[in-house]
Each structure stands twice: as structure tokens, then as C-alpha cells.
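Q: sequence? don't have it. structure:
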Ligand SMILES: C[S@@+](CC[C@H](N)C(=O)[O-])C[C@H]1O[C@@H](n2cnc3c(N)ncnc32)[C@H](O)[C@@H]1O
């Protein structure tokens, strides 16, 4: 499996990937504007963007949250991201750290963003950490791909190199299996799908994307030419090369009461849940938790 450094040591490889997605998307808004319209991050005061990459997300934002914390394991990415948000009127903090061990206190943020990065982590570990730094009721937004993303591109490469195996990032944390992992730590888990596919009209941009992938970075000039002519044939015939999209954002909320999702999951029976809530009331000395739990009890009794 490619290492993070080989993929993201500098922003160039990420740029090749973003270029294909931004130039050839068919959705009228494009990925980042769609994401902003869907998530509206500026409504949250304290926002953490983990695995922020080169900051393209924020370059596409009309307004920034009041306080934005950017985290990435790659110093090169952080530098570029910092340049893109400088002078935008927000308090921006950049931190070189991993999602597995965030150097922030519990409940420090109102929203956490983890776009196209949880598949580089051990998701249960990273998700527990994201939950820890979120305040109660805080929101998680984790974009990722599903199994069908870029299927036609992977097919083109397979014709050229039958031994090629497409990267299995989506198997680590994808749109299809991510929600269940998120639900282990969060409640109100939903998937917002980005209804989009690519119509590529420039085979060079496709080759640049393919060369940015670890498995195909060593394509010979001859292989590149073969791929290009395969893509060009389709572009000539159909006016474009169609590449399927399968991307979206998993949204979730940090439970008001950290124990509530477990109770709801484990106790289908309302009366049994009440007993559990009352037990937690007696055990939990946190005034806020007690107050919220009283609300829960009242709601369950209605
Ligand atoms: C595909 S890029 C996504 C960048 C950005 N979130 C976006 O959507 O444009 C993945 C980013 O995650 C970073 N990354 C990978 N593993 C990480 C980890 N464990 N903690 C923090 N960042 C990580 C990489 O350095 C890279 O910048």
C-alpha cells in the first residue's frame, strides 16, 4: 500500500488529482462548492480540519469559520494550506500532527472535518480521537469515496496492465462501510451523496492523475502513449471520456450524552432504556450530563 509520504509529501500529486476533479466534473457546482453548500462550515465557531491537504477546501470557501485549525502530517501541505487562508479574517492555527493523536483538549471544537483522509488512518482509532476533541452535540463531516469511484479509469489501466489492482482506500473507509464505523462513536449518522461524474476531454490530465498514483507512477512513456490513445479514442467517439463518481460526505453528531448511542443501540425497549439513563444519572457527576439526561428521560416518557 502506498505510504502517506509518497502520496502527499508535496502538493503536486494532490494538485494533479484535484485538477481532474475540478475541471471535468459535470455537477454544476463542482466538489468543493457543493461540499460548502451542503456543510456550511462557517456556521460553527471552532472548526478543525484534519488532513487538510493543500487547503483547496478553504480556497473555495466564501467565508471561513471564526477559528480554523488545520492539521496535517505533511509539513508541505500545511504550508500551502496556510498560504491559502492567510489574510481571510479568521484566526487560523496550523498544527503538524496525526489524526491518531491530536494535541488538543477534549471538547475543543464545534465541528471536525476529515475529508478524504480517514482511509489513510486506522479508522476506529482516528474516529475515537475526532470524537474526543468535539464538544457535545458537535458535528463530524467526513468525505470519502465509494467502491465505484473512477471505475472506468481503473478499467483502462487494467487493460494495459492486467496485474494492476486499484487502490483499496475505499475498503478502509468508504461511503459503503464508513457509516457503521462512524456509528461506533457518533449518533445521527447520514450520507450525503455528491451526484456527479466526470466528462474528461483532455487525456493529458487523466495521465497526470494516473501518474500521481503510487501503483502507476512508473508508467513507461510507451504505456502512457497507449493509455492516452485509448482515452483519446473514447473522447473522439463520444466527445468525452465518462468516469463515474461515487463520492459524498458522511455526517454525524457527537452525542449529547456520550453513553446515549450505546443505550439506544443496546436497549430497544423504552422502559429498559429509562433504567439505564437513571443508572447513568446516579453515576455521572457532570452537571451538564445530568441536565441533558433529565431531558432525555422526559422525552422518552412522552
Ligand atoms: C487526499 S488528501 C485530502 C486533503 C484534503 N482534506 C482535501 O480533501 O482536499 C489526504 C491528506 O491527509 C493527510 N494525512 C494522511 N494521514 C494523516 C493522518 N494520520 N493525520 C493527519 N493527516 C493525514 C495527507 O498528508 C494529505 O494531505
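A: Arrived safely. It should be emphasised that the depicted structure is a prediction, and the values quoted were computed from it without experimental measurement.

Q: surely residue 112 meets residue 138?
A: Yes - taking C-beta atoms under 8 Å as the definition, residue 112 is a contact partner of residue 138 at 7.0 Å. Yep, even glycine has a C-beta here, placed from its N, CA and C like the rest.

Q: which one of these two has more residues nearby?
A: residue 112 (29 against 24; other C-beta atoms under 10 Å).

Q: next helix or strand past whichever strand or helix holds the more buried one?
A: Residue 112 is part of strand 109-113 when elements are defined by DSSP states H and E. Toward the C-terminal end, the helix or strand that comes next after strand 109-113 (DSSP H and E) is helix 123-133.

Q: so what touches that following helix?
A: Identification of contacts with helix 123-133 by C-beta atoms under 8 Å, 6 or more residues apart in numbering yields 48, 50, 99-102, 104-109, 112, 114, 118, 140, 172-173, 178, 181-182, 184-186, 254.

Q: of these, select the buried ones using a ChimeraX command.
A: Applying 16 or more other C-beta atoms under 10 Å to the contacts of helix 123-133, the buried members can be selected in ChimeraX as follows:
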select :48,50,99,102,104,108,109,112,114,118,140,172,173,178,181,182,185,186,254
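
Q: how much space separates the residue nearest to residue 121 when sequence neighbours are not counted from residue 212?
A: Once flanking residues are discounted, residue 121 sits nearest to residue 99: 5.2 Å by C-beta to C-beta, 6 or more residues apart in numbering. Counting by C-beta to C-beta, to the nearest Å, the separation of residue 99 from residue 212 is 22 Å.

Q: make sure residue 77 is indeed in a helix.
A: Yes - with DSSP: H, G, I helix; E, B strand; the rest coil as the criterion, residue 77 is located in a helix.

Q: check contacts around the residue positioned nearest the centre of the chain.
A: Centre of the chain computed as the mean C-alpha position; nearest residue by C-alpha atoms, centre = their mean is residue 115, 2.3 Å away. For residue 115, the contacting residues are 35, 49, 51, 53, 57, 141-143, 249, by C-beta under 8 Å, 6+ apart.

Q: of all those, which comes closest to residue 149?
A: residue 143 (11.5 Å; C-beta to C-beta).

Q: count the residues that sit near that closest one.
A: Neighbour tally, residue 143, other C-beta under 10 Å: 24.

Q: over to the one 5 residues further on?
A: The local packing of residue 148 (other C-beta under 10 Å) involves 17 other residues.

Q: need the pLDDT of the nearest residue to it once chain neighbours are set aside.
A: Spatial nearest neighbour of residue 148, excluding adjacent residues (C-beta to C-beta, 6+ apart): residue 246 at 4.0 Å. pLDDT, residue 246: 94.

Q: correct me, but residue 246 touches residue 143?
A: No - with contact defined as C-beta under 8 Å, residue 246 does not reach residue 143; the gap is 11.8 Å.

Q: the stretch 101-250 of the chain: helices as residue ranges?
A: In the stretch 101-250 of the chain, the helices defined using DSSP state H, counting those that start in this stretch lie at 123-133, 151-160, 169-172, 178-183, 203-211, 221-238.

Q: which among the ones you listed is found nearest to the ligand?
A: helix 123-133 (6.6 Å; C-beta to the nearest ligand atom).

Q: just confirm yes or no for the closest one near the ligand.
A: No - judged by C-beta under 6 Å from any ligand atom, helix 123-133 and the ligand are separated, with a smallest distance of 6.6 Å.

Q: name the residues of this protein found near the ligand, please.
A: Counting by C-beta under 6 Å from any ligand atom, the chain sits next to the ligand at 4, 8, 14, 50-53, 56-57, 71-74, 77, 98-100, 115-117, 120-121.

Q: inside strands: which ones of those?
A: Among the residues of the chain next to the ligand, the members falling in strands (DSSP state E) are 50, 71-72.

Q: next, count neighbours for whichever residue of the chain sits closest to the ligand.
A: For the chain and the ligand, the shortest gap (C-beta to the nearest ligand atom) falls at residue 53, measuring 2.4 Å. By the measure other C-beta under 10 Å, the count of residues near residue 53 is 23.

Q: residue contacts, residue 104?
A: Contacts of residue 104 (C-beta under 8 Å, 6+ apart): 48, 69, 133.

Q: try 6 Å this time
A: Shown in contact with residue 104 (C-beta atoms under 6 Å, 6 or more residues apart in numbering): residue 133.

Q: go on, residue 207?
A: Here residue 207 is in contact with 224, 228 (C-beta under 6 Å, 6+ apart).

Q: give me that answer again for 7 Å
A: Counting by C-beta atoms under 7 Å, 6 or more residues apart in numbering, residue 207 touches 224, 227-228.

Q: buried ones in stretch 210-217, by neighbour count?
A: In stretch 210-217, counting by 16+ other C-beta under 10 Å, buried: 210, 212-213, 215-216.
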